[in-house]
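[1] after the sequence you'll find the predicted model.
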Amino acid sequence: MLGVAAAAAGLAVATRVSVKPYVVYHDGANVEFTPESTGTHRLARLGPWNLGERLSLTDEKPRDKRLNLYVVIPGAQYRSSAHPEYDHNLVVNKYTIDGKPREWDIFWCLQLDPSLHTDMRSEHDLLVAAHQTFRPAESLAVQDFPASVTMKERLSVSKVDDLKRFRRKDGSLPRLLIVPAQLAVRATAEQKPIGPPPAQ
C-alpha cells in the first residue's frame with residue numbers, strides 16, 4: 001500500500017505543470033507575474049510561450065470579478081528568432097498587494113493597423129488604440145496585418161472579409177482588436193525592486 005501511495009505521489013509531482021514567473025507591464029512599470037498550479041495540467045499557450053496553467057473548462061468564460069492579462073501582438077517584450085510571428089508584450093490592469101493569487105482572464109490584443117506603434121505597455125494605451133479606427137487600403141491582404149498569424153489561429157480570419165464582424169458602422173476597423181481568449185489562469189502579480197538590493 002505504501003509503495004502504491006509513494007508511486008502515485010511521485011506521478012503527481014512528475015505531471016504537475018510549472019510555469020516560471022515572468023515580467024509583465026502595469027502602466028509601463030515591470031511587475032512579476034507568477035502563475036499558480038490549478039490542477040488541470042492544461043497550459044495557456046501562445047506559440048512557444050506558456051502563460052500559466054489554465055482553469056477548468058467550466059471556469060474559462062470571462063468574468064467581471066477577474067483581473068485582466070492582455071497579450072499584445074506584436075510586441076517587443078518577448079521575442080523569438082525562431083517564431084517572430086508570436087512576438088508580444090504582456091500587460092496587466094492591476095497588480096496584487098497581499099500575496100494571494102487571483103484569477104486572470106486573458107485577452108488577445110491584435111494589431112490591425114500597420115502604422116500603430118507596437119510597444120504598448122499599459123491598459124490605457126490598449127483601450128485608446130482599440131477605440132481608434134482606420135480604413136485599410138483595398139489592396140491590404142490578411143497577411144499584411146501585423147497580427148495575421150494569431151488572427152488566423154485564434155479567430156479563424158483567413159481573408160479580409162472575415163473581419164466584417166469587427167467593422168464599425170462606417171466600415172472602419174479598430175486599430176487594435178481586443179478579444180477574450182476564453183482562457184483564464186491563477187497568479188500573483190507583484191511589484192518587485194529593480195536592480196541589486198541596497199547595501200546593508
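    Sure, I can see it.

[2] alpha carbons only for contacts and neighbour counts from here, please
    Noted.

[3] can you pull out the helices in the chain?
    For the chain, the helices defined by DSSP state H occupy 2-15, 123-131, 148-155.

[4] where among the ones you listed is average confidence lowest?
    Ranked by mean pLDDT, the helices of the chain end with helix 2-15 at the bottom, a mean of 41.

[5] shaky segments in the protein?
    Low-confidence segments of the chain (pLDDT under 70): 1-17, 193-200.

[6] what about the strands in it?
    Secondary structure of the chain, counting by DSSP state E: strands at 22-26, 29-35, 43-46, 49-53, 67-73, 89-92, 102-111, 133-134, 173-174, 176-191.

[7] count of neighbours near residue 112?
    Residues lying near residue 112 (other C-alpha atoms under 10 Å) number 24.

[8] so it touches residue 142, yeah?
    No: look at residue 112 against residue 142 with C-alpha atoms under 8 Å: they stay out of range, at 9.3 Å.

[9] related to what we said a few turns ago, between the strands of the chain, which gets nearest to residue 127?
    strand 176-191 (8.4 Å; C-alpha to C-alpha).

[10] which elements pack onto the closest one?
    With contacts taken as 3 or more C-alpha pairs under 8 Å, 6 or more residues apart in numbering; DSSP states H and E, strand 176-191 sits against strand 29-35, strand 43-46, strand 49-53, strand 102-111, helix 123-131.

[11] what's the most buried one of these?
    Counting by mean count of other C-alpha atoms under 10 Å, strand 102-111 has the highest mean neighbour count of the helices and strands packed on strand 176-191, with a mean of 24.

[12] can I get it in PDB? Just the C-alpha atoms.
    Listed next in PDB are the C-alpha coordinates belonging to strand 102-111 (Å, rounded to 0.1, in the frame of the first residue of the first chain):
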ATOM      1  CA  ARG A 102      -6.100  35.900  -8.200                       C
ATOM      2  CA  GLU A 103      -7.800  34.700 -11.300                       C
ATOM      3  CA  TRP A 104      -7.000  36.500 -14.600                       C
ATOM      4  CA  ASP A 105      -8.900  36.500 -17.800                       C
ATOM      5  CA  ILE A 106      -6.600  36.500 -20.900                       C
ATOM      6  CA  PHE A 107      -7.300  38.800 -23.800                       C
ATOM      7  CA  TRP A 108      -5.700  38.800 -27.200                       C
ATOM      8  CA  CYS A 109      -4.800  42.300 -28.300                       C
ATOM      9  CA  LEU A 110      -4.200  42.100 -32.100                       C
ATOM     10  CA  GLN A 111      -2.800  44.900 -34.100                       C
END
